[in-house]
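Visitor: my questions concern the predicted model and sequence given below.
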Amino acid sequence: SSNEHKLNFKKSKEACLSYIQDALLQKQWKRAAEFLTCYIESLEKDYSREHIGPSEMIWRIGTEILWHHSQSSMKEFNCFMEQMKTLGVKRYLKVCLEHVFHLLCNGQIDEAYQNLSLAESWRFGEQTAIQDKEMKLIQAYRGLLDYYSWSKQKNILLENGEDGFSDLAVEQEMHGYFRKAAVNLKEIIKIPGVWDVFVKCYVDLLEFYGDHNEARQVLNEYAYNSKFPANPNAHVYLYQFLKRQGESKKSLISALKILHDIVPSHELMIDFNNMLQKSKKRKKRRLGLEVIFTALDYAGWKENAKAWSCLARQVKQIVISEKHLDWIKQEWNSRKDWWPAFHFSHYLAKRNWQENKSLSYEKALVAGILLGKDCKYFKYVSHQGCKAQLKRFRMLKKFVNRHNLVYLRISG
Amino acid sequence: RDFNERCAQCSEVNWGLTDGGGFYCRSCHYVTERTREVVNTDFITNSRVQTISKGSKKQEKNDGGCEWYICEGFQLVLKKQVEALEALGVCPQMKDEILCNFWRCYLQKSKQAYCKRPAAETVKALSVCESSTDVDSDPERPSLLHLLSLSESEGDLQTDCSFASSVSKVSESTSVYSGSVDGSLYIVKNQKEKLRMTMPMTLSFCYMALLWMREPITLSEFLRFVVEGHIPYLNVFQHFPEKMKLCGLDLKIFCVESWPAYEEVFNKMHELAEFLDLPRFPDITESCFLHPDMLCMKYLMEANLPDELHNWTCRVVKKIGIGEVDFLTLMPGNKSTRKVKYDVLAAAVIVVVLKLLFLLDDHYEWLLSEFAEERNKNNTEGGPYFEFKKWYEVVKHSLDVEQKKLDEERAKYLWRCEKPLFYSVKKKSKVLKRREMVVNLQNQFSKLSGSVQRAEKPNPSSFQLSWSEENTDGSCFHGHSLKGVLQEKRGLLTAMNPDYWLCTVKLCNEKLCGHLAHYKDVEFPQSYHFVLGLFSFLLRIQPSYIHDEVCMIEHKLFNKKLYKKLKYNRVLRK
């Protein structure tokens, strides 16, 4: 309970804000609106020394309430946003941008485009220069919508093309959108930042029009320029592009290397491992083993049969060749304490066998090699497999029995 | 001055002007029918007007405004306030006789009117709102509005002194913004002299008049009515006549954005009484509402405590002499006696009585309660014994509910009014636009508030918590008996509780540190905190004030024992 009996405007409004915050957190939109109504008169006071003034508060809170409140309409929302735009010249472009996002979320693409164009033409003395970054964003999003229109036209063209019609007007329009989109998208990705959607669209445009050099340059910049924040997607996009271009395994591998460092659990690690396994270079094969072991450290991969088959294949190959057992030893060293419980428990053996026989097969092979034929997992699965008279399990049993002493050397 | 007739009532020739422009006799306050030809609407003597430097515009300005002085504004405020009090049931004499005279006396003493020639302070620069063009044309000069807005938040007149004076130093030809004639003077004037009038002081005036009339309303109640909106305070200026234009520094004076604290109004009232050289106030006797016996009864009821406790409060009051007429009656200028806060005193008495009977050490009261509970279970005839535990639960519940409501109300409080405020005419359009937007947004979001309507101002009520004996759930404790905590000894009823703990062994020097004791620094039992919290809520003051009074009462009550102890200690040390 508040013992503050000396009440003034500022304290009263602070209290009001905390009630609004509580209501918002509990999604009580009506209550939040009730308190916001009382807060609004703060606009008539000058809070120029505060970090966040009432006009910004009201903009942000009001947006949340109007967006979620059941009785609020899009019309009301738009009206509110227009008012907010007049409230703070320093925030004008930001408000415009957020308004556009909401319109897009609501599927109103045309309105969003109009708003973007309007915002683009805004000029306000020195504010224009100060809000340069927001302006670039606005142009970028307009470029994005232009790309979207381009994409639509492209599809129309392709469809018509199948029917044998060729519509010149549509083609012209399409090129027009391309030009508009390209200009803006190119600008924004020059600035260090995370621009996944812009990059993808831009590259798509470039590839369509055959400018592969530019596309490659853009993607390289995006992935390797140290000024840009570390972004796994940048590497993914680059890799996908190189693959489309039919580049050599060597460049594909180098594209995925950093991805492995940043996100060892990425789904592309399977592709990565496949390429590495097949390499002639010893170092690459060694890396491949590391990659697949690391991926399987993550819980999300526990039931990934493909991943297990990669590991199984490589382990099998190493065991048969009797070369590089020390690789397995090195990888196993840091895992031997926890992988058995994590992957190879009796419970998992039963479950894997029930749900996915291929998975259990691959895992059993790995378990058998790493832990020996007497380990719970292998015993259970191979027993079940032989009982079910599945040939490959019989082969598995034989294989593991033959190489039984390997596990002793591995666990050292 | 030129009216030389003898007064019909007292035959003296000693005339003054009323605000209606009529004459009244200063000796006996008899008002004549004769009115002076009044050229302007100012009631203040023309002599003042003559001291104003040339360049002033008399009468009607271009914007339809007139010249007006700050004290005229305050007079209007007081008028509105006392009218509201009348509507609440206060005796109508208060307005015409008491408050009016207090005000005139003040004006005279502070040399703002009713005197030969006001102190030779000339208003160098006049308020002329149109000359805003002067200021804005010079870009190097620090923007006046910027300076004004800097100390916006608290409206603290004290800080205005520094910047306002610096502004007026900037250039003699600069006009200092105010709609009134002497707005800037008012702010720049040295605080030490002559008790400058402020908005909180209007409440002090009102309370002083209420006290003089011995109206059945305490200061805490009065202030509560102000906050609840029954007495105009926050936006009174919106009732000023159209031609009294408010702008610039006037806003600093009349537009307050905080509620004054009890202490502030209380202390100012005493300063005022002294300043006005008032005689001893009318006696506060036992039949008076403000007498502790009466107030204790009221607060006991409101706190849902047994009526029987009243005997005890009366006993304490009698024992320590705080029911004496001389103790209770205000004698302005008497610095030796402690100023009496009637409401806080009564609350403190109740707290002391509770401590006497229940100890309130977080153990004994619950023990007593258990005994009472046992007895109540087994014996339903004869009234129930008072159970501290039950009382605590019932009262705490209600208190929490009311406190929560109060907190929400405070957060939802609307401070602004319809009348737009602007520092200069130039800002007017911007301010109006802003107001329009505010109103629009308020409409938009209030619709989304659901069916919650802003409740009508509740009727002013003297009781914030009420308990009805008709309730069969036993939530009213007025009729409960104290038998469980009392015992008979030699024909006298005394408390079963043999102990007492003092809130503080030594009282502080109030003049040095502002308090008799320090509530926040020491750990007290939870029950004590609760009881203080209850009255703190009812009186809308900090618990520490009640704590101070409790300490004072305890020291009076146990004076002999303490004195003996101190003496003993001194002996030991030797």
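Guide: Cool, the structure landed.
Visitor: tell me which element the residue positioned nearest the centre of chain A falls in.
Guide: Centroid-nearest residue in chain A, with CA atoms, centre = their mean: residue A:233, separated by 6.6 Å. Assigned by DSSP states H and E, residue A:233 belongs to helix A:232-244.
Visitor: so which elements touch that helix?
Guide: helix A:196-208, helix A:212-224, helix A:249-262 (3 or more CB pairs under 8 Å, 6 or more residues apart in numbering or on different chains; DSSP states H and E). All C-beta spots, glycine's among them, are computed from the backbone N, C-alpha and C.
Visitor: let me have these in JSON lines, extended by distance to chain B.
Guide: Below are those laid out as JSON lines (distance: least, CB to the nearest CB, whole Å):
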{"stretch": "helix A:196-208", "distance to chain B": "34"}
{"stretch": "helix A:212-224", "distance to chain B": "43"}
{"stretch": "helix A:249-262", "distance to chain B": "45"}
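Visitor: right, so those: which one is the most enclosed?
Guide: Highest mean neighbour count of these: helix A:196-208, a mean of 20 (counted as mean count of other CB atoms under 10 Å in any protein chain shown).
Visitor: CA atoms only: put it into CSV for me.
Guide: Output of helix A:196-208 as CSV, limited to C-alpha atoms (Å, rounded to 0.1, in the frame of the first residue of the first chain):
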residue,chain,number,x,y,z
ASP,A,196,18.0,-11.5,-44.5
VAL,A,197,14.8,-10.9,-46.3
PHE,A,198,16.3,-8.0,-48.3
VAL,A,199,19.3,-10.1,-49.3
LYS,A,200,17.3,-13.0,-50.4
CYS,A,201,15.0,-11.0,-52.5
TYR,A,202,17.8,-9.0,-54.1
VAL,A,203,19.8,-12.2,-54.9
ASP,A,204,16.6,-13.7,-56.4
LEU,A,205,16.3,-10.7,-58.7
LEU,A,206,19.9,-10.8,-59.7
GLU,A,207,19.9,-14.5,-60.5
PHE,A,208,16.7,-14.1,-62.6
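Visitor: check what contacts it and list those residues.
Guide: Contacts to helix A:196-208, defined as CB atoms under 8 Å, 6 or more residues apart in numbering or on different chains, come from residues A:140, A:143-144, A:147, A:150, A:154, A:178, A:181-182, A:185-186, A:188-189, A:212, A:214-215, A:218-219, A:222, A:231, A:233-234, A:237, A:241, A:244.
Visitor: check the offset of that helix from the chain's centre.
Guide: Helix A:196-208 has its C-alpha centroid displaced from the chain centroid by 16 Å (CA atoms, centre = their mean, to the nearest Å).
Visitor: give me the mean pLDDT for it.
Guide: Averaged across helix A:196-208, pLDDT comes to 94.
Visitor: one more: stretch B:328-343?
Guide: 87.
Visitor: buried sites along that stretch?
Guide: For stretch B:328-343, a neighbour-count test (16 or more other CB atoms under 10 Å in any protein chain shown) marks B:328-332, B:340-343 as buried.
Visitor: pLDDT below threshold where in the chain?
Guide: No chain in the question, so chain A it is. A:1-6, A:46-49, A:162-166, A:412 (pLDDT under 70).
Visitor: my question was about chain B, not that one.
Guide: Using pLDDT under 70, chain B drops low at B:1-65, B:112-178, B:187-194, B:451-457, B:565-574.
Visitor: tell me which residue is most central in it.
Guide: Closest-to-mean residue, chain B, CA atoms, centre = their mean: residue B:265 / 4.2 Å.
Visitor: now check the helix or strand that contains residue B:554, is it near chain A?
Guide: Take DSSP H and E as the rule and residue B:554 turns out to sit in helix B:543-557. Yes: counting by CB under 8 Å from any CB of the partner chain, chain A has neighbours in helix B:543-557: residue B:543.
Visitor: now do that helix: which elements does it pack against?
Guide: helix B:309-320, helix B:342-358, helix B:526-539.
Visitor: what sits closest to the closest residue to chain B within chain A if chain neighbours are left out?
Guide: Sorted by distance to chain B under CB to the nearest CB, the residues of chain A start with residue A:8, at 3.2 Å. Leaving aside its sequence neighbours, residue A:8 sits nearest to residue B:258 (CB to CB, 6 or more residues apart in numbering or on different chains; 3.2 Å).
Visitor: what residues does the stretch 301-450 of chain B have near chain A?
Guide: B:400, B:403-404, B:407-408, B:410-416, B:431, B:434-435, B:437-438, B:440-442, B:444-450.
Visitor: the stretch 201-350 of chain B: helices as residue ranges?
Guide: Along the stretch 201-350 of chain B, counting by DSSP state H, counting those that start in this stretch, helices occupy B:219-227, B:249-254, B:262-275, B:292-302, B:309-320, B:325-328, B:342-358.
Visitor: can you tell me the SS state at residue 383?
Guide: Here I'm looking at chain A. Put simply, residue A:383 is helix when judged by DSSP: H, G, I helix; E, B strand; the rest coil.
Visitor: residue contacts, it?
Guide: Shown in contact with residue A:383 (CB under 8 Å, 6+ apart): no residues.
Visitor: and stretch B:533-547, how far from the chain's centre?
Guide: 15 Å.
Visitor: now stretch A:14-23
Guide: With CA atoms, centre = their mean, you get 34 Å for stretch A:14-23.
Visitor: likewise for stretch B:97-104?
Guide: Using CA atoms, centre = their mean, the offset of stretch B:97-104 from its chain centre is 18 Å.
Visitor: cool, stretch A:131-150 as well?
Guide: Distance of stretch A:131-150 from its chain centroid, counting by CA atoms, centre = their mean, is 21 Å.
Visitor: surely residue A:305 touches residue A:359?
Guide: Yes: when contacts are counted by CB atoms under 8 Å, residue A:305 is listed as touching residue A:359 (4.2 Å).
Visitor: of those two, which one has the most company?
Guide: residue A:359 (22 against 17; other CB atoms under 10 Å in any protein chain shown).
Visitor: using ChimeraX, make a named selection holding only the buried ones among the residues of the stretch 301-450 of chain B next to chain A.
Guide: Remark: buried members of these, expressed as a ChimeraX selection using 16+ other CB under 10 Å:
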select /B:408,410,411,412,413,415,416,434,435,437,438,441,442,444,445,446,448,449
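Visitor: what residues are up against the closest residue to residue B:251 other than its chain neighbours?
Guide: Nearest residue to residue B:251, sequence neighbours excluded (CB to CB, 6+ apart): residue B:421, at 5.5 Å. Residue B:421 is in contact with B:246-247, B:251, B:255, B:431, counting by CB under 8 Å, 6+ apart.
Visitor: look at the residue in the stretch 151-300 of chain B that chain A sits nearest to and say how many residues are nearby.
Guide: Closest approach between the stretch 151-300 of chain B and chain A, counting by CB to the nearest CB: residue B:258, at 3.2 Å. Other residues near residue B:258 come to 20 when the count uses other CB under 10 Å.
Visitor: correct me, but it touches residue A:9?
Guide: Yes: the pair residue B:258 / residue A:9 is scored as a contact, 6.7 Å apart, by CB under 8 Å.
Visitor: relative to residue A:315, how far out is the spatially closest residue to residue A:294 that is not a sequence neighbour?
Guide: Excluding its sequence neighbours, the residue lying closest to residue A:294 (CB to CB, 6+ apart) is residue A:264, at 4.5 Å. Residue A:264 is 19 Å from residue A:315, where distance means CB to CB, to the nearest Å.
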